[in-house]
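1. Generate coordinates for the sequence data below:
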Amino acid sequence: MGELLSDRMPHLVLSSPSVRTRETVERLKQGAGSLPRVEYVPELYLASPSTLMGVLAARGGEAERVMLVGHNPGLEELVTRLSGEHVTLPTAGLAECSLDVERWSDVTLGTHTELVGLSYPRDDD
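-> Residues are numbered from 1 along each chain as shown. A predicted model of the protein is given here:
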C-alpha cells in the first residue's frame with residue numbers, strides 16, 4: 001500500500017496512537033520510502049465519523065492532502081456518509097476522497113465529497 005502512496009503522497013498523516021495503527025504507519029513508510037509529518041492523535045482511537053471530521057478540521061492546517069489512519073467502523077462510516085457510496089475498508093484498505101473545501105477548518109459531515117478510489121492490500125500468501 002505504501003507504494004501506491006508514492007504517486008499521491010499525503011502532506012500530513014493523522015493517526016490513532018494504537019499499536020496496530022502505528023504498525024500500519026511504519027509499513028506505509030517502508031513501502032513509500034518515507035512519509036511526511038505524522039501526528040498521533042488520541043481522539044482518533046475508535047473515533048466516530050463526527051470525531052474524525054473534528055480532528056481533520058482542527059489539525060489539517062495548511063496541508064493539501066491529509067491521510068487519516070484509524071479504525072472501523074468509524075472510517076467506513078465516514079467514507080460511506082461523505083461519498084454516499086457503501087464502502088468496506090479491510091485492514092490497511094485505502095479510500096481516497098476529494099473534499100470540496102478551501103480550508104480543512106471548513107470540513108463537516110455535510111461536505112461534498114467525491115470517492116476517487118479504493119485500494120486494498122494484496123494477499124501475498
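
2. mind checking which helix or strand of the protein has the lowest mean pLDDT?
-> Every helix and strand in the chain was compared by mean pLDDT, DSSP states H and E; the lowest is helix 2-5, with a mean of 60.

3. Which residues outside stretch 105-118 are in contact with it?
-> Around stretch 105-118, the neighbours that count as contacts under CB atoms under 8 Å, 6 or more residues apart in numbering are 49-50, 53, 56-58, 60, 79, 81-83, 85, 87, 89, 93-101. From N, CA and C alone the C-beta is placed, and that goes for glycine too.

4. List the residues that contact T51.
-> Shown in contact with T51 (CB under 8 Å, 6+ apart): 43-44, 74.

5. now these in JSON lines, with distance to T113 and secondary structure?
-> Below are the contacts of T51 laid out as JSON lines (distance: CB to CB, whole Å; DSSP: H, G, I helix; E, B strand; the rest coil):
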{"residue": "E43", "distance to T113": "21", "secondary structure": "helix"}
{"residue": "L44", "distance to T113": "19", "secondary structure": "helix"}
{"residue": "G74", "distance to T113": "16", "secondary structure": "helix"}
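
6. any idea which of the residues you listed is the one closest to T24?
-> Using CB to CB, L44 is the member of the contacts of T51 that lies nearest T24, at 12.3 Å.

7. Count the neighbours of the closest one for me.
-> Neighbour count for L44, taken as other CB atoms under 10 Å: 25.

8. Name the nearest residue to it, ignoring sequence neighbours.
-> Nearest residue to L44, sequence neighbours excluded (CB to CB, 6 or more residues apart in numbering): S16, at 4.0 Å.

9. buried residues in the longest helix along the chain?
-> Ranked by number of residues, the top helix in the chain under DSSP state H is helix 19-32. For helix 19-32, the neighbour count (16 or more other CB atoms under 10 Å) marks 21, 24-25, 28, 32 as buried.
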